[in-house]
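1. Next comes the sequence, and after it the predicted model I'd like to discuss.
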Amino acid sequence: MMSMSSSAEHWRQRLYESLPANLKTWAQAGTRAHLLKQVNCVLMVHDDRLYDLSNGAWRSLQQGIESAMVDGLAAAARELLAHGTEPRRVLLLLPSSHFIATAVTMPGVARENLPSALQLQAPILLPSYEGTLTLAINAPARDSEYQDIALWTDEGRLNALFDAFAAQDLLLAAVLPRALAALTAPLGQETLVVEDTDASSITHLVYRKGVLCSWLQVERADLQDPELLAQWKEATGLAQAGGLRVQTLANAQDWVEQRSPAHWDALYCFLPEGAQAVRRQLEKGHRFKLAGVAAAAAGVLLASPFLWQAVHIRTLESTLASQQTLSADARANQAVVRDFEQRWGVLNEFPRQDVAQTLLQLQNVLSPSVLSSLELVEGALQIEGESPDPQSLLQQLERDPMFTGVDFARATSNNRYYIEMRLSTVDFDGYRERYFPEVRR
């Protein structure tokens with residue numbers, strides 16, 4: 001029984017793999033969205049506090065070594081979410097300092113292949129980062145006027161957060177840069193500027209035509225330098241040029257008043273490995289559904305092969321008749337051209353022996369030898385004369401591209417030479433074979 005079950009699963013997997021790429025991408029995006037729809041609480045880190053955005057409650061976070069901070073964050077989350085009995089599926093909003101943003105352009109790469117291509121380019125894009133990075137990018141959304149914004153975060157820290165939350169009986173479904181959760185309404189065609197600030201950093205985002213096209217981030221301490229402050233103002237001014245709507249979140253209270261975010265870009269969410277395992281289980285169910293649909297469609301087609309063949313043949317015949325009608329004039333003109341080539345080709349393609357050029361070439365090779373006799377018949381050339389070194393002359397003629405089949409016609413006597421060869425520029429045998437195949441020589 002187990003063997004039959006595993007065989008059926010293997011067959012369904014193979015059928016799923018044979019589906020078109022757009023259907024498989026749709027299934028993966030659907031399961032990702034389904035997983036994020038199950039999120040029932042949103043927690044946010046702002047300065048040294050963890051906030052529950054559903055009610056504004058918060059817990060202090062202790063600073064220290066990385067592992068202790070991760071465990072402390074999970075413990076604070078457990079305290080905030082202690083009430084209620086339903087399973088907690090958490091979306092965690094982290095400050096922008098936990099992420100690295102890069103603007104990338106990869107022309108010629110299909111949008112569905114963009115994440116894989118960027119993962120391969122990670123060591124080149126971020127050569128100084130020693131850890132393992134994971135990527136989030138909205139590959140389907142694109143504005144040709146601007147570069148794509150790719151976000152990176154440390155994969156080890158992401159998985160450590162998932163494990164720490166799991167130890168507190170919480171499912172960390174996804175992690176999202178805090179600034180990307182600031183949207184209070186769906187994105188439209190107008191330009192939207194989002195500025196998220198806290199005690200240590202400022203993050204400046206620009207959306208155009210519903211696409212994130214600019215991500216600027218700076219530490220507050222760096223803005224104490226007048227030159228860096230001027231550069232920051234210039235960069236943000238250029239990025240938000242034409243911005244019609246500006247949304248500023250200056251402190252944690254602004255976030256609390258805004259409550260849980262209703263709109264965020266699911267494709268910029270980072271899924272820990274454990275959450276991806278949950279997603280894979282959901283994908284498995286979607287694969288089975290898709291495979292079932294494909295199998296049903298295949299069954300319908302297989303049940304009526306003759307009908308399908310008749311429709312296919314009728315379509316092909318109709319297409320053939322239409323193409324023959326459209327190409328009638330072209331085929332008639334082609335027949336005229338072929339008839340002309342057949343009747344006049346015997347004259348137009350008669351091999352031209354350029355005697356003058358042949359004599360000039362021979363003069364270049366033979367000098368200072370003497371030519372006393374020359375015979376040229378249908379590309380076959382025989383020469384006779386005197387040379388101080390007939391063998392060297394023969395070798396020079398062999399190296400000349402105008403001549404082929406160079407050889408002594410008969411034995412030399414003292415300085416006398418008799419050489420026969422053929423012109424490589426004419427082909428009388430091919431001409432006769434084409435136009436006079438019945439004539440034998």
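-> Arrived safely, thanks for sending.

2. Which pLDDT value goes with the residue nearest the centre of the chain?
-> Centroid check for the chain by C-alpha atoms, centre = their mean gives residue 109 as the closest residue, at 2.2 Å. Residue 109 is assigned 83 on the pLDDT scale.

3. dump the residue contacts of it.
-> residue 117 (C-beta atoms under 8 Å, 6 or more residues apart in numbering). Using the backbone N, CA and C atoms, a C-beta is placed for each residue, glycine as well.

4. which SS class is it?
-> coil (DSSP: H, G, I helix; E, B strand; the rest coil).

5. Report the separation between it and residue 212.
-> 19 Å (C-beta to C-beta, to the nearest Å).

6. Provide a list of residues in contact with the closest residue to residue 354 other than its chain neighbours.
-> Residue nearest to residue 354 in three dimensions, not counting chain neighbours: residue 425, with 7.0 Å by C-beta to C-beta, 6 or more residues apart in numbering. Going by C-beta under 8 Å, 6+ apart, residue 425 touches 353-354, 402.

7. Of the residues you listed, which is the nearest to residue 97?
-> Taking C-beta to C-beta as the measure, residue 97 lies nearest residue 402 of the contacts of residue 425, at 76.3 Å.

8. quick one, what contacts residue 252?
-> Residues counted as contacts of residue 252 (C-beta under 8 Å, 6+ apart) are 44, 46-47, 49, 51, 58, 198.

9. and if you look at residue 428?
-> 351, 378-379.

10. For it, which non-adjacent residue is closest in space?
-> Spatial nearest neighbour of residue 428, chain neighbours left out: residue 378 (4.4 Å); criterion: C-beta to C-beta, 6+ apart.

11. And for residue 349?
-> Take residue 349 and drop its neighbours on the chain: the residue closest to it by C-beta to C-beta, 6+ apart is residue 431, 6.6 Å away.

12. what about the one you found, distance to residue 338?
-> For residue 431, the distance to residue 338 (C-beta to C-beta) stands at 18 Å.

13. Please, where are all the strands along the stretch 251-400 of the chain?
-> Ranges of strands in the stretch 251-400 of the chain, per DSSP state E, counting those that start in this stretch, are 370-377, 380-386.

14. for the longest one, packing partners?
-> By that I understand strand 370-377. In terms of contacts (3 or more C-beta pairs under 8 Å, 6 or more residues apart in numbering; DSSP states H and E), strand 370-377 is packed against helix 355-366, strand 380-386.

15. deepest of those, which one?
-> Among the helices and strands packed on strand 370-377, strand 380-386 has the highest mean neighbour count (mean count of other C-beta atoms under 10 Å), at a mean of 17.

16. Tell me where the protein is predicted with low confidence.
-> Applying pLDDT under 70 to the chain flags residues 1-35, 84-85, 242-244, 279-307, 342, 412-413, 439-441.

17. Among the contacts of residue 252, name the buried ones.
-> Buried members of those, counted by 16 or more other C-beta atoms under 10 Å: 44, 46, 51, 58, 198.

18. Export those to JSON lines and append columns for distance to residue 72.
-> As requested, these are arranged in JSON lines below (distance: C-beta to C-beta, whole Å):
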{"residue": "44", "distance to residue 72": "16"}
{"residue": "46", "distance to residue 72": "15"}
{"residue": "51", "distance to residue 72": "15"}
{"residue": "58", "distance to residue 72": "14"}
{"residue": "198", "distance to residue 72": "18"}
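
19. These in strands, which ones?
-> Mapping these onto strands (DSSP state E) picks out 44, 46, 51, 58.

20. surely the third one meets residue 43?
-> Yes. Under the criterion of C-beta atoms under 8 Å, residue 51 is in contact with residue 43, at a separation of 6.8 Å.

21. can you map out the helices along the stretch 1-150 of the chain?
-> Ranges of helices in the stretch 1-150 of the chain, per DSSP state H, counting those that start in this stretch, are 2-17, 21-37, 66-80, 114-125.

22. those strands in the stretch 101-250 of the chain, which residues are they?
-> Per DSSP E, counting those that start in this stretch, the stretch 101-250 of the chain carries strands over the ranges 133-136, 148-154, 171-177, 192-197, 201-208, 211-219, 245-249.

23. Each with direction, which strands does the first one pair with?
-> For strand 133-136, the paired strands and their directions (DSSP bridges) read strand 148-154 (antiparallel).

24. quick one on the thing from earlier: for residue 334, see how far away the residue nearest to the centre of the chain is.
-> As defined by C-beta to C-beta, residue 109 lies at a distance of 42 Å from residue 334.

25. Excluding chain neighbours, give the residue nearest to residue 418 in space.
-> Using C-beta to C-beta, 6+ apart and skipping residues adjacent in sequence, the residue nearest residue 418 is residue 409, 4.2 Å away.

26. and the residue nearest to residue 428, how many neighbours?
-> Around residue 378 there are 16 other residues, counting by other C-beta atoms under 10 Å.

27. so who does it touch?
-> 351, 426, 428.

28. let's see 10 Å
-> By C-beta atoms under 10 Å, 6 or more residues apart in numbering, the contact set of residue 378 is 351, 353, 422-423, 426-429, 431-432, 441.
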